[in-house]
Structure formats: C-alpha cells, structure tokens
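Undergrad: Sequence plus predicted model, see below.
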Amino acid sequence: MKSWLNIDPGSDFSIHNIPFGIISDAGHNKRVATRIGNSVIDLYALSKLDAFSELEVLPSVFKADYLNAFIAEGKTKTNAVRIKIQEMLCDEQSTLKQHPELLKDVNDVQVHLPVKVNDYTDFYSSIEHATNLGKLFRDPENALLPNWRHIPVGYHGRASSIVESGVNIHRPKGQMKPADGPPVFGPCKLLDFELEMGFIIGKETDLSESISTAKAEDHIFGLVLFNDWSARDIQKWEYVPLGPFLGKSFASSISGWVVTLEALDPFRVPGPKQEPEVLPYLQYEGVRNMDVNLDVSLQPQDSEESIISRSNFKFMYWNMAQQLAHHTVNGCNVNVGDMMASGTISGKDEKSYGSMLEMNYAGKKTIPLSNGGERKFIQDYDTIIMRGHCEKGGIRVGFGEVRAQVLPAK
Ligand code: CA
C-alpha cells in the first residue's frame, strides 16, 4: 500500500495500522477519528461526505463521546471502515484526497479516552511476573501458587478511574503498615507502575453464555497500552486474603488509539509451551500471542527520559483467547467496551521487568537513571511513559504512548 500522504516510515501509525480514537478541537465536539502518521482524520466529517454510506455505517456513530457505538456495529463493518480509509489514503481521486481539511495535525486536537469502560478486569498472566512476585512476597522455592498454571488468574478492577494518556495522576493516600508499629495514614511512599496491555470487548454476550477459545477473538475489538498504577505499601497491607483494592483503584492509564486485532494479525507468534496441559475449555488452536515490543521510560522533572524496561507482549503465558474463555466459563456476560488487562508483562531478565517492585527486588536495589539519578519507586513530578510497537518485514504498527506525570497527593 502506497499513500499519497507523506508518512514518516518510523511512525507507529502507518497505513497498515488505522487505529480508532476520539478527538475534539476548539471548533468541534468529540468525534471518532483515526490517526495516520502525525495527522488525524475526522471520521464524522468524512462520513458526512458519504465516504462510508456503501458500508451502511451511519454518520451518527462517528459523532460520539466514545467508540462504543462504532465498535457495536460489529467487526465486519468496523474493519470495512478501516479498509476503506486505507483505500482512500492510496487513491489520488478519493474523497479524502479532495478534502485536505479533514486531515489535522495531532498536536492541534485533544485526544480523549477512547471507550466508555463499564467493567474492567485485570489478569495476572505473565509467568515471569507472577514468579518474581511470588519469590519476593511468599516462598522463593514455590513462587507460583498451585492454581497458576491451570487458571488465568485475574480480579475485577475499577473502571471509573481509567483515564487517557496525558491525564496526570495524584499520588494516592491510604493506610499503610510500617514493619515495626501500628498502621499509619498518609501519601503512598511506594508508588509503582505495571506495564500491561488491555484488550477491548467488541461483541457482547448474554448472561450464562460462555465464549470458547475458538470464538474469543470475534469478541475482541482491539488493544491499548495499559499502565496499572500500583501503591505497593497500601496494597501490601490490604490485599491479604481478598486481593487488590485501594492499592490499585486510584487510577489506570491507557493509550488513546485503539489498534484493531486485524492490524495486529501479521504479528502473531506462538506462545510459551503450557505445562501441565490445561483443561479442555482452555485449550486452543492457532497462533495467539502477539509480538509487541514494549518499553517504559521514567522522566524526572526538567530532565531526560531513561528507558528502564524493555519487554514484549509475546511473553504472556496465557493468551487473550484463554483469558476470555476463562472469564466467561461461569456464564459471566461481557459488554462492548469492557476492558481486559493482561497483567504485568515481564520477561526473563531484569531489564525486561514490567514493574519497579521487580526491578528493585522489593526495595533492596536502586534503578539507575541516565541523568545520574536513581529510583526505587516513583517520586512526585516523575513522568512514566510506556510505548509499544510491532515491526516485521518493514511494516510497523504501533500504539504510540501512554504517559502521565505523578503529582503530589491532594
Ligand atoms: Ca496489574
């Protein structure tokens, strides 16, 4: 595919990508858009020029605060829209080429939260991460709990505090327990990130219906980068035995452009061998992991960025199809816009750990920064930036970034 538009070959938003998001600017309310290179295309304005009328997608689904109505049109239509945009970007005679005013610089618009998330689930599907945490907090000899290789472990998270890239986060306050003394209340001291990816449900199910691994991807619209902010000191005191609560629920950040499963299709790779063999409802066919290069940068105030982790989504032990099959095996229904996060994505070596807790061995080591500084956990005014992209045979498809600065406790 060759576009008439000049696109930086290093851009995450190549013609092979065509993600979806929500934009607004001074003159226009929120609407559905796509991003190509450093430009965005107002799909509501494009739809009013009858660009998608043959696909039977009405302009009204593009004039929306969130992508949910567009996603609910179904994969056949949303992917047809994506392909139609690609065709228009290659066709010198297209409506889009004839209306250059529909292309805007991404820096001239506001990019908003792409989906209205009503339910959010966080999995715990990286064997390296689960092993590292088990060693640090439980038993170095038996780091994984007995269920871990049999069940894609997860918990129900908080949807209301999911925010888009660029929304800054206040350090949470809460109850913590010093090693020697009674519980205290105050700003969290051990603030951390978790490098994750999230997938967004594109097709609902009824109550008591289950999704098979074979059908799971029909229900997945696309993916975003996901930062599961974590207050380790609050978490450590509250989580036994029920699981995460206020140590997690204060905020989660996602990237603004939803990259479709179709755009990620060329970057599939086999997942790790699962041993012992999983129960039949978790068995799957096909190639289900995705080769997405991920990194995390920490940028102190008025200083340069340091890349402190390089990981990859392909390391996941449990894939998305297995996660969704497990999530619904008890009959729990899913809805369009539900968010399913992967869990922290760590690799085998310490340069690929997806949280500071693992990098600093639960506070025993420091993490060096390129400006000469060091960190154990996140300090006030630090900015955390996560980036992700796929690359194969000269084709690049990426997510851009999810970024947020940590501000002092309110
Ligand atoms: Ca997590």
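TA: Ah, there it is.
Undergrad: where do the helices sit along the protein?
TA: Using DSSP state H, the helices of the chain run over 43-48, 68-72, 75-90, 95-98, 127-137, 232-238, 246-249, 261-264, 320-328, 356-359.
Undergrad: what phi and what psi does the backbone show at residue 73?
TA: Here is the backbone geometry of residue 73 (degrees, to the nearest 10): phi -60, psi -20.
Undergrad: What is the burial count for it?
TA: Neighbour count of residue 73, defined by other CB atoms under 10 Å: 18. Just so you know, the C-beta spots here come from the backbone N, C-alpha and C atoms, and that holds for glycine as well.
Undergrad: Same question for residue 253.
TA: When neighbours are counted by other CB under 10 Å, residue 253 registers 25.
Undergrad: Show me what it is bridged to.
TA: Beta bridges link residue 253 to residue 163, residue 227 when assigned by DSSP bridges.
Undergrad: Can you tell me how far it is from residue 359?
TA: Going from residue 253 to residue 359 by CB to CB, to the nearest Å gives 19 Å.
Undergrad: and the chain, which residues reach the ion?
TA: Applying CB under 5 Å from the ion, we find that the chain lies next to the ion at 122, 194, 228.
Undergrad: Just the buried subset of the residues you listed, written out for ChimeraX, thanks.
TA: Only the buried entries of those go into this ChimeraX selection, using 16 or more other CB atoms under 10 Å:
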select :122,194,228
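Undergrad: Now do the contacts for residue 404.
TA: 163, 165, 166, 167, 168, 169, 227, 251, 253, 383, 384 (CB atoms under 8 Å, 6 or more residues apart in numbering).
Undergrad: Now with 7 Å, please.
TA: Shown in contact with residue 404 (CB atoms under 7 Å, 6 or more residues apart in numbering): 167, 168, 169, 253, 383, 384.
Undergrad: what about it, distance to the ion?
TA: 16 Å (CB to the ion, to the nearest Å).
Undergrad: pLDDT value on that residue, please?
TA: We have a pLDDT of 98 for residue 404.
Undergrad: Begin at 56, not 1, for the rest of this chat.
TA: Right, with 56 as the first residue, what we last looked at is residue 459.
Undergrad: Give me the buried entries from the contacts of residue 459.
TA: 224, 308, 438, 439.
Undergrad: ok, which pair from those is furthest apart?
TA: Distance extremes for these: the farthest pair is 308 and 438 at 11.2 Å, using CB to CB.
Undergrad: Surely residue 74 and residue 313 touch.
TA: Yes. Counting by CB atoms under 7 Å, residue 74 touches residue 313, with 5.6 Å between them.
Undergrad: ok now stretch 224-233, how far from the chain's centre?
TA: 24 Å (CA atoms, centre = their mean, to the nearest Å).
Undergrad: and residue 331, what does it touch?
TA: By CB under 7 Å, 6+ apart, residue 331 lies in contact with residue 204.
Undergrad: Try it again at 10 Å.
TA: By CB atoms under 10 Å, 6 or more residues apart in numbering, residue 331 lies in contact with 204, 205.
Undergrad: Quick check, pLDDT for it.
TA: pLDDT, residue 331: 97.
Undergrad: residues touching the spatially most central residue of the chain, list them.
TA: Closest residue to the average C-alpha location of the chain: residue 280 at 2.6 Å, with CA atoms, centre = their mean. Residue 280 makes contact with 220, 250-253, 308-312, 314, 347, 349, 368, 440-443, 453-458, according to CB under 10 Å, 6+ apart.
Undergrad: Show me whatever sits in contact with both of residue 74 and residue 313.
TA: By CB under 10 Å, 6+ apart, residue 74 and residue 313 have these common neighbours: 169, 277, 278, 279, 454.
Undergrad: Which residues are in contact with the nearest residue to the last one once chain neighbours are set aside?
TA: Counting by CB to CB, 6 or more residues apart in numbering, residue 443 is the residue found nearest to residue 454 once chain neighbours are left out, at 4.3 Å. Shown here is residue 443, whose contacts under the criterion CB under 10 Å, 6+ apart are 67, 250, 252, 278-281, 310, 314, 345, 347-350, 366-368, 400, 452-457.
Undergrad: Residue 452 versus residue 443, what's the distance?
TA: With CB to CB as the criterion, residue 443 and residue 452 are 10 Å apart.
Undergrad: Quickly list what residue 278 is bridged to.
TA: residue 254, residue 314.
Undergrad: Check the spacing between it and residue 348 real quick.
TA: Per CB to CB, residue 278 is found 14 Å from residue 348.
Undergrad: So if I had to pick from these two, which one is more boxed in?
TA: Neighbour tally, residue 278 and residue 348, criterion other CB under 10 Å: the higher count belongs to residue 278, 27 against 16.
Undergrad: tell me the contacts of the more buried one?
TA: 74, 252-255, 309-310, 313-316, 318-319, 345, 347, 368, 375, 395, 397, 443, 454.
Undergrad: picking up where we left off before, determine the residues that are contacts of both of residue 278 and residue 348.
TA: By CB under 10 Å, 6+ apart, residue 278 and residue 348 have these common neighbours: 368, 443.
Undergrad: which ones are touching residue 124?
TA: Counting by CB under 10 Å, 6+ apart, residue 124 makes contact with 87, 113, 115, 116, 117, 118, 171, 391, 392.
Undergrad: Dump these into TSV; add pLDDT, distance to residue 126 and neighbour count as well.
TA: Formatted as TSV, those follow (pLDDT from 0 to 100; distance: CB to CB, whole Å; neighbours: other CB atoms under 10 Å):
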residue	pLDDT	distance to residue 126	neighbour count
87	98	10	27
113	93	14	13
115	96	14	11
116	97	9	22
117	98	12	23
118	97	15	18
171	98	10	17
391	98	5	23
392	98	7	24
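Undergrad: out of the residues you listed, who's nearest residue 193?
TA: Ranked by distance to residue 193 (CB to CB), the contacts of residue 124 are led by residue 392 at 35.3 Å.
Undergrad: What's the separation between the closest one and residue 120?
TA: To residue 120, residue 392 is 12 Å away according to CB to CB.
Undergrad: Common neighbours of the two, please.
TA: Shared contacts of residue 392 and residue 120, defined by CB under 10 Å, 6+ apart, are found at residue 171.
Undergrad: Could you find the closest non-adjacent residue to residue 231?
TA: Distances taken as CB to CB, 6+ apart place residue 288 nearest to residue 231, at 4.2 Å, with adjacent residues excluded.
Undergrad: show me what contacts that neighbour?
TA: Residue 288 neighbours (CB under 10 Å, 6+ apart): 229-233, 239, 241-247, 302, 418, 432.
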